[in-house]
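> Sequence unavailable; structure follows:
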Ligand SMILES: O=C(CO)[C@H](O)[C@H](O)COP(=O)(O)O
């Protein structure tokens with residue numbers, strides 16, 4: 001049972017939540033892409049839904065599958081967002097942004113009545129922070145913002161390197177919104193709420209990848225006896 005099989009199993013369970021006429025936030029990343037692919041099949045078979053993508057990559061995929069799309073300005077209230085995550089804890093707190101889409105992902109999730117995470121069960125952790133925390137920043141004054149982020153991280157009781165995310169050509173990665181990403185390699189985040197608040201206080205921080213109190217449920221797929229076993233954290237109702 002491979003990673004793609006597990007991602008597809010979690011995505012397939014999420015597809016059961018979709019009803020005709022729903023306005024859906026469409027997440028970003030390989031697990032969200034597995035969901036969008038399955039959704040595209042259902043749309044091809046006649047399901048009518050409206051999607052709001054959280055990235056240009058998801059927009060391109062959904063368009064190629066014939067999924068009807070809107071912007072969040074055209075459709076500012078959504079019924080449900082389905083998205084992946086880099087880490088999820090027992091309280092449904094998340095780290096997101098490994099795919100650099102955290103800003104739009106958080107805006108779309110917060111505009112939705114419900115957010116359901118789909119992930120390989122390996123993303124379920126006892127404590128957040130092994131995955132580097134993405135922090136989206138305005139390019140203006142990058143050095144000053146970088147230093148202030150390091151100070152905020154320390155003030156929130158965390159330690160570790162904060163690094164500008166680069167592209168393979170060595171240039172900084174630029175998000176869909178035209179921003180940079182600082183990745184905070186913390187190992188563990190003892191108090192995610194304190195860290196989130198400290199990061200919010202830094203001018204130049206556009207958004208951080210801690211999703212706190214946003215997700216309603218997580219669908220997690222693990223391999224058991226050669227099959228995908230799906231468990232749910234929280235409530236899908
Ligand atoms: O937050 C994200 C993108 O910004 C993704 O949801 C997260 O990185 C998980 O991706 P994948 O499903 O490929 O593991």
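Yep, that arrived. These numbers were taken from a predicted model, which means no experiment stands behind them.

> remind me which residues of this protein are low pLDDT?
Within the chain, no stretch has pLDDT under 70.

> at 80 what do you get?
1 (pLDDT under 80).

> Need the residue closest to the centroid of it.
Closest residue to the average C-alpha location of the chain: residue 96 at 4.2 Å, with CA atoms, centre = their mean.

> so what's residue 69 up against?
50, 51, 52, 53, 59, 62, 63 (CB atoms under 8 Å, 6 or more residues apart in numbering). Yep, even glycine has a C-beta here, placed from its N, CA and C like the rest.

> Which members of those residues occur in helices, if any?
When DSSP state H defines the helices, the subset of the contacts of residue 69 inside them is 59, 62, 63.

> Any figure for the gap between the residue nearest to the centre of the chain and residue 130?
Distance of residue 96 to residue 130, given as CB to CB, to the nearest Å: 14 Å.

> now swap in residue 185 and tell me
Counting by CB to CB, the gap between residue 185 and residue 130 amounts to 9 Å.

> where does residue 97 fall, helix, sheet strand or coil?
coil (DSSP: H, G, I helix; E, B strand; the rest coil).

> nearest spatial neighbour of residue 113, skipping sequence neighbours?
Nearest residue to residue 113, sequence neighbours excluded (CB to CB, 6 or more residues apart in numbering): residue 79, at 5.6 Å.

> mind checking the backbone torsions on that neighbour?
phi -80, psi -40 (degrees, to the nearest 10).

> Tell me the span between the first and last residue of stretch 88-108.
Using CA to CA, to the nearest Å, one end of stretch 88-108 lies 18 Å from the other.

> coming back round to it: could I get the contacts of residue 69 as TSV with distance to the ligand?
Below are the contacts of residue 69 laid out as TSV (distance: CB to the nearest ligand atom, whole Å):
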residue	distance to the ligand
50	21
51	16
52	15
53	12
59	14
62	15
63	19
